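Asks: got a predicted model here, sequence first, then my questions.
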Amino acid sequence: MELKEILLRKLDSILHPKLDNKFILGFLSLGILLVGVPSLSAAFSIKYGDTTFTAEINNGQNWFFIFLGVICLVVSVYFYNKKLSTEKLSYQNSEAKDSSVIFQKVLKEGEIGRRLLVYGRDQVLILGELNEQNSSSKKITISRINKDGSRDFHFGNSGKVTLDFGGSDNSQVGQIMSDRNGNIYVVAHSLSEGQFKIVICKLLANGYFDQAFGTNGISSAVMGGGGHEYAMSAVRNTDGNIILIGHQFESKSLLVAKFRYNGQLDHTFGEKGFVSLSITNEHDWGVDLIVTAPENKIIALFNSGMYKSSIIRLNYDGTIDTSFGEKGVAALHQFISQSDLMKATSMTLQNDGKILVVGYGNQGIVLRLTADGNLDSDFAQSGKKIIRGQFRTDLHKIITRKDGRIFVAGGQSDGNSLMSGLIASLDNEGTLISNFGEGGFVFLKGDTKQRVTDIGLISDSELAITGEESVISDGFETTFLGILPFKG
C-alpha cells in the first residue's frame, strides 16, 4: 500500500470516526478537559488614561475534577488497547515452502463466513450468516474488507451491511455477485409467514439498496405451488441476468430460475421464469451452477440423497440439453467407487470447456468431466483425484486460474474435536504441486477449529480465504479472512 493511500485513510478515519473510535475519542477529550480546565487561570487589564485596572481569575486546583479526568484517560487508553488487540491481524505460520503467512480477521462472534467475492483489486466481500447469541434468529451480513484486513468504512455501517428481508428473523445465504459498476447482488432464502422464499437484493457500491431494483432494492418470488423454496447458488450471465439454482421442498424438485436485470422473473425462461425438475425419486438439492459463454448453456450441479451427485445441462431457454451426459444428465456417483462416496459441493469450468467438480465422502474428491459430460480419463490418470490431508478431508470449494492451475479448499478432521482448514493446489493434469505448502497442502494451524468455506484469486499469486472457526475452549463461531500469497 502506498504512503499516500495510508495517509489519506488515516485522515479520513479522523474526519469520519467509527462508533468505537468516537467512544474512545470522547473519553480522551473529556479526560483532557477535566485535567486541564480546573487548573486554568485568566488575567486581563483595562487601561484608562494613565490608570491601569488589572483583574486575575484563578480557580486553583480542583483535585476531584483531575481525578475524574485521569479515570477518563485510563478508560480511553484501555479501550484503545482492547480495540487494537481485537482488530489486530493474527498472523499464523502455515509452514508453507513458498509462502508462510496467512492472516486472519475475526469479524464478530457468532458470524460465519459462507461466501467470498474478490471485489476490485484490493478488496474482498464476505457474505456471512450471523447467529445472535441466545437466539435462534439468523441474519445475513455483507462485510467489505481491504486487502490489509481493515474494513472499508465507505461501505454500509463501518464496513458492514446487515440485510433485513421484510423483518424476517431467519435468512440463509445463497450467493454474492457484483457487476462492472461495483453494484452488489445477493441471492438468499428467507423465512416469511412460516415458509422459506427466495429473495434477491441489489446494493449500490456504498452498501445502500438500489431502489430501482425490484421493490426498494429487493425482489422475491414464489415459483411453486406453495411450500419452502431455497436458493443455493447463482451467477450473472453476460446479459446481466441472474440465474439461480435451488430446491422446491414440497415437490422434491431441482429449481432453476432466471431473473432479469431489474429483479423481475424472465418469462421467456422455462415456465414463467423458472423450471422445476424432478430428476430422481429423492430430494434434488441444487448446489452450484455455471453459465457458459457465448452459448449461455446452464450447467447445474445437484445432490440427491446422501451421496448421489449429478450434473444436468440446460439450454438458454430452460429446456434440457440432451446432448450432455445421458439424456442431459451426468450421474457423478457412477464414477465413484462405493468405498469412496461423494457429496458434491462446488464446481468450476476450465477454458477448454471441461468441468471440475469437488466434494467429499470418506475423503476429498476432485472429478473432471469432458464438455459432453463424460469422465475425463486424462485427469489424474483416471478422471478423479482423491485429496487426503493429514486426516479425513472435506472439500467445499474449487476454483481455477486461467492457465489451468487448480485450487481446492475445505477442512480436515482427526475424528475427534480437532478440525483445521486446508488449501491444496493441483496442476492441470491433477497432480499436487509439491512446492505449494507441504507437498501441495497449506494447513491453517492454531488453537481453533477451522473450516475454509470459500476462496478467490486476488491476483495470479494471492488467494483470499474465508470460513468459520471456533475457539475450542469457548465454542463460539466467528468468521475469518485470510490472504495466502504463493509462488508459481
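Replies: Received, thanks.

Asks: which stretches of the protein have low pLDDT?
Replies: Regions of the chain meeting the criterion pLDDT under 70 cover residues 1-23, 35-62, 80-110, 132-136, 166-169, 225-226, 338-339, 415-418, 445-448, 471-477.

Asks: so where do the strands sit in the stretch 301-450 of the chain?
Replies: When assigned using DSSP state E, counting those that start in this stretch, the strands of the stretch 301-450 of the chain occupy the ranges 308-314, 329-331, 343-349, 355-360, 364-369, 384-387, 392-400, 406-413, 419-426, 441-443, 448-459.

Asks: okay, strands next: where are they in the stretch 51-200 of the chain?
Replies: According to DSSP E, counting those that start in this stretch, the stretch 51-200 of the chain carries its strands in the segments 51-58, 90-93, 101-104, 111-119, 123-131, 138-146, 160-163, 171-178, 184-192, 195-203.

Asks: with distance to G224 and mean neighbour count added, can I get those in TSV?
Replies: Bear in mind the C-beta positions are built from the backbone N, C-alpha and C, glycine included. Formatted as TSV, the entries for the strands of the stretch 51-200 of the chain read as follows, by distance: least, Cβ to Cβ, whole Å; neighbours: other Cβ atoms under 10 Å:
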stretch	distance to G224	mean neighbour count
strand 51-58	80	9
strand 90-93	46	13
strand 101-104	41	20
strand 111-119	24	23
strand 123-131	24	23
strand 138-146	23	23
strand 160-163	23	20
strand 171-178	17	22
strand 184-192	13	24
strand 195-203	10	23
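
Asks: turn those into CSV, columns for distance to D321.
Replies: Output for those, formatted as CSV (distance: least, Cβ to Cβ, whole Å):
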stretch, distance to D321
strand 51-58, 90
strand 90-93, 45
strand 101-104, 41
strand 111-119, 27
strand 123-131, 30
strand 138-146, 33
strand 160-163, 35
strand 171-178, 23
strand 184-192, 23
strand 195-203, 24
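
Asks: for I406, which of these is the nearest?
Replies: Nearest to I406 among the strands of the stretch 51-200 of the chain is strand 111-119; the distance by Cβ to Cβ comes to 17.2 Å.

Asks: which strands and helices sit next to that closest one?
Replies: strand 123-131, strand 171-178, strand 448-459, strand 462-471, strand 477-485 (3 or more Cβ pairs under 8 Å, 6 or more residues apart in numbering; DSSP states H and E).

Asks: buried stuff in the longest one?
Replies: Meaning strand 448-459. Buried residues in strand 448-459, counted by 16 or more other Cβ atoms under 10 Å: T448, K449, Q450, R451, V452, T453, D454, I455, G456, L457, I458.

Asks: who does the fourth one bridge with?
Replies: Translated: R451. When bridges are assigned using DSSP bridges, the partners listed for R451 are E468.

Asks: surely it touches L422?
Replies: No - proximity of R451 to L422 does not meet the contact threshold set by Cβ atoms under 8 Å, at 9.2 Å.

Asks: and for these two, which residues touch both?
Replies: Overlap between the contact sets of R451 and L422, as judged by Cβ atoms under 8 Å, 6 or more residues apart in numbering, is given by G410, G411.

Asks: residues near the residue lying closest to N237 once chain neighbours are set aside, how many?
Replies: Among residues not flanking N237 along the chain, V291 sits closest, at 4.6 Å (Cβ to Cβ, 6 or more residues apart in numbering). Burial of V291, expressed as a neighbour count using other Cβ atoms under 10 Å, amounts to 21.

Asks: bridged to V291, which residues?
Replies: Partner residues in beta bridges with V291, using DSSP bridges, are I298.

Asks: if I look at it, how far off is K258?
Replies: V291 is 10 Å from K258, where distance means Cβ to Cβ, to the nearest Å.

Asks: spit out the residues that contact these two alike.
Replies: Contact criterion Cβ under 8 Å, 6+ apart; residues shared by V291 and K258: I243.

Asks: ok, back up a step: which of the helices and strands packed on strand 111-119 sits closest to N262?
Replies: Set against N262 and scored by Cβ to Cβ, these come closest in strand 171-178, at 15.5 Å.

Asks: packing partners for whichever strand or helix holds V256?
Replies: When elements are defined using DSSP states H and E, V256 is found to belong to strand 253-259. Helices and strands touching strand 253-259, by 3+ Cβ pairs under 8 Å, 6+ apart, are strand 218-221, strand 242-248, strand 274-277, strand 284-291, strand 298-304.

Asks: which helices and strands sit right next to the fourth one?
Replies: With contacts taken as 3+ Cβ pairs under 8 Å, 6+ apart, strand 284-291 sits against strand 229-236, strand 242-248, strand 253-259, strand 298-304, strand 343-349.

Asks: who's in contact with that strand?
Replies: Residues outside strand 284-291 that contact it (Cβ under 8 Å, 6+ apart): 230, 232-235, 237, 243-247, 252-256, 277-278, 297-304, 309, 344-349, 355.

Asks: same deal with the last one?
Replies: For strand 298-304, contacts defined as Cβ under 8 Å, 6+ apart pick out 243, 245, 254, 256, 279-280, 282-292, 309-316, 318, 343-344, 346-347, 349, 355, 357.

Asks: and these, which are buried?
Replies: The neighbour-count test (16+ other Cβ under 10 Å) applied to the contacts of strand 298-304 identifies 243, 245, 254, 256, 279-280, 283-292, 309-316, 318, 343-344, 346-347, 349, 355, 357 as buried.

Asks: in space, what's closest to G318 - neighbours in sequence excluded?
Replies: In space, and not counting its chain neighbours, G318 is closest to G270: 3.3 Å by Cβ to Cβ, 6+ apart.

Asks: my error: substitute A231 in the last question.
Replies: Computed as Cβ to Cβ, 6+ apart, the closest residue to A231 that is not its neighbour in sequence is G174, at 3.8 Å.

Asks: just list the residues touching that neighbour, thanks.
Replies: For G174, the contacting residues are V186, V187, A188, H189, I198, Y230, A231, M232, S233, A234, L244, G246, by Cβ under 8 Å, 6+ apart.

Asks: 6 Å instead, please
Replies: Residues in contact with G174 (Cβ atoms under 6 Å, 6 or more residues apart in numbering) are V187, A188, A231, M232, S233, A234.

Asks: the second one reaches V173, doesn't it?
Replies: Think A188. Yes - in this structure, A188 sits in contact with V173. The criterion is Cβ atoms under 6 Å, and the distance is 5.4 Å.

Asks: okay, and the common contacts of those two?
Replies: Here A188 and V173 have I140 as joint contacts, going by Cβ under 6 Å, 6+ apart.

Asks: columns distance to F27 on top of the helices and strands packed on strand 253-259, output as TSV?
Replies: What follows is those, written out as TSV (distance: least, Cβ to Cβ, whole Å):
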stretch	distance to F27
strand 218-221	39
strand 242-248	47
strand 274-277	55
strand 284-291	49
strand 298-304	53
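
Asks: just tell me which of these ends up closest to K487.
Replies: Nearest to K487, of those and by Cβ to Cβ, is strand 284-291 at 28.7 Å.

Asks: what about that closest one, distance to the chain center?
Replies: The offset between the C-alpha centroid of strand 284-291 and the centroid of the whole chain comes to 18 Å, using Cα atoms, centre = their mean, to the nearest Å.

Asks: contacts only, for the closest residue to Q195 other than its chain neighbours.
Replies: Closest residue to Q195 in three dimensions, ignoring its sequence neighbours and counting by Cβ to Cβ, 6+ apart: H228, at 5.6 Å. By Cβ under 6 Å, 6+ apart, H228 lies in contact with Q195, F196, F249.

Asks: that older thread, can you tell which of the helices and strands packed on strand 111-119 is closest to D266?
Replies: Distances from D266 to each of those were compared using Cβ to Cβ; the shortest belongs to strand 171-178, at 16.4 Å.
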